[in-house]
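Undergrad: any chance you could fold what I've pasted below:
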Amino acid sequence: MDRQQRIIYGGAAVVLALVAVIILAGIYFTRVLPPRAHVLTVGEQSYNASEVLDRASYLTIFEGGVSSVDAIASSTIDRLVREEVLRTRGPEVVDEVTEDDLRHELMVRLGLADPEPDEDATATPTATATPTPAATEGAGVTATATGNPEEEFAQAYTDFLRSVGLGRAEFETIVQAQLVARRLLDQFVEEAGERGEQVHLGRIRVSDPVLADDLRQQLVDGADFSELAKEHSTAEEDAEDGDLGWSATALLDDRMAQAVEGLEAGGVSEVTTAGISFEIFQVKERATDREYEDGMVDQLAARQLDGWVEEQRAQLTVEEDLSSDEETWIIERVVGRLQEAQERSAGG
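TA: Residues are numbered from 1 along each chain as shown. Reported below is the predicted structural model:
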């Protein structure tokens, strides 16, 4: 072999070695590193990408709790933070969840006990032995009767955890947080009472700012709100005449609340911007002590719970460290698991 051939072969070997290094680096950064990468610390709890993946899979497949594919990772992180707030801060406001409380709730979800008389739809429904993807808020397993309650519970619980891909400790932290949330909601419902300040609104939505200004001026000059709404409003979710009905003032979003603040019955708001649309509100009636309509108290309690969680979250140490590569890694694998679960479900 002459010198030129040795140089060629040596160069080829170097190139091959570089290619191997690149491939190995790619495997490391896409397969090895992401699962181990730290992505969240909340309070004293720390999560790597693999742990977030498992929780994201559970939320997506068994709770249907993710609004879109792109939001899988971020929604899961928000959920983990919320659960930590509920577990650590909730017992300062409501009774702490005891081992007996937790055991009873698990028994209910596994179909081995009946709910307490005061338990309602906030409890997670019981499902079948093979949980249907995204079919319920949670998942359960119907136990096989053995005559021994402890054995039935242990077998049913083991089967359930295997079906959802979570460890016992992790699932029980989920249940604990849900029990605390339920108790907080019950307390906030009681605090809301049966009556409160409410406002009856009408709305006109258009896409042209010039038209919006013109319509508002017509209303100020005494034009009929209902007729203008019928003719011009594009808000299909509203009544034909733009009537939004009664709402607790505490349930109005910030934009609506600011628009109608200080307006008496018959008053018309300034034009407000809502995305690419423009809206005008009319206060039809106000009441300082009106009985709440069906569902309104639950909405008030849920709003209060969300506000409480945000206040408490600000007092916790929350460190998010999710890179775009880690987020993609999580999303791709959750989607893959969801497809596998759907195929298993379809195949019976």
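Undergrad: buried set for stretch 218-231?
TA: Residues of stretch 218-231 classed as buried: 218-219, 225-226, 228-229 (neighbour count, 16 or more other Cβ atoms under 10 Å). The C-beta positions use only the backbone N, C-alpha and C, and glycine is treated the same way.
Undergrad: mind checking which of those are in strands?
TA: Taking DSSP state E, every one of these sits outside strands.
Undergrad: contacts only, for residue 249.
TA: Counting by Cβ atoms under 8 Å, 6 or more residues apart in numbering, residue 249 makes contact with 197-199, 257.
Undergrad: now render the residues you listed as a markdown table, adding secondary structure and pLDDT.
TA: Formatted as a markdown table, these follow (DSSP: H, G, I helix; E, B strand; the rest coil; pLDDT from 0 to 100):
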| residue | secondary structure | pLDDT |
| --- | --- | --- |
| 197 | strand | 97 |
| 198 | strand | 97 |
| 199 | strand | 97 |
| 257 | helix | 96 |
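Undergrad: from those residues, pick the one nearest residue 207.
TA: Taking Cβ to Cβ as the measure, residue 207 lies nearest residue 257 of the contacts of residue 249, at 23.4 Å.
Undergrad: that closest one and residue 248, how far apart?
TA: Distance from residue 257 to residue 248, counting by Cβ to Cβ, to the nearest Å: 11 Å.
Undergrad: higher neighbour count, the two?
TA: residue 248 (19 against 13; other Cβ atoms under 10 Å).
Undergrad: what residues are bridge-paired with that one?
TA: Following DSSP bridges, residue 248 is listed with bridge partners residue 198.
Undergrad: which ones are touching it?
TA: 196-198, 292, 296, 299-300.
Undergrad: so residue 278 sits in a strand?
TA: Yes - assigned with DSSP: H, G, I helix; E, B strand; the rest coil, residue 278 falls within a strand.
Undergrad: spatially nearest residue to residue 174, not counting backbone neighbours?
TA: Leaving aside its sequence neighbours, residue 174 sits nearest to residue 83 (Cβ to Cβ, 6 or more residues apart in numbering; 6.6 Å).
Undergrad: out of the contacts of residue 248, which end up buried?
TA: Buried among the contacts of residue 248 by 16+ other Cβ under 10 Å: 196, 198, 292, 296, 299-300.
Undergrad: among the residues you listed, which one sits closest to residue 162?
TA: residue 299 (37.5 Å).
Undergrad: neighbours of the residue nearest to residue 278 when sequence neighbours are not counted, how many?
TA: Nearest non-adjacent residue to residue 278, counting by Cβ to Cβ, 6+ apart: residue 212, 3.8 Å away. By the criterion of other Cβ under 10 Å, residue 212 has 22 neighbours.
Undergrad: quick one: low-confidence residue ranges for the protein.
TA: Applying pLDDT under 70 to the chain flags residues 1-36, 117-147, 348.
Undergrad: which stretches in it count as helices?
TA: Using DSSP state H, the helices found in the chain span residues 3-27, 33-36, 49-58, 72-89, 99-109, 149-164, 168-192, 209-220, 225-232, 254-260, 296-313, 324-346.
Undergrad: most packed of the ones you listed?
TA: Neighbour counts (mean count of other Cβ atoms under 10 Å) averaged over each of these peak at helix 49-58, with a mean of 23.
Undergrad: roughly how far out does that helix sit from the chain middle?
TA: Distance of helix 49-58 from its chain centroid, counting by Cα atoms, centre = their mean, to the nearest Å, is 15 Å.
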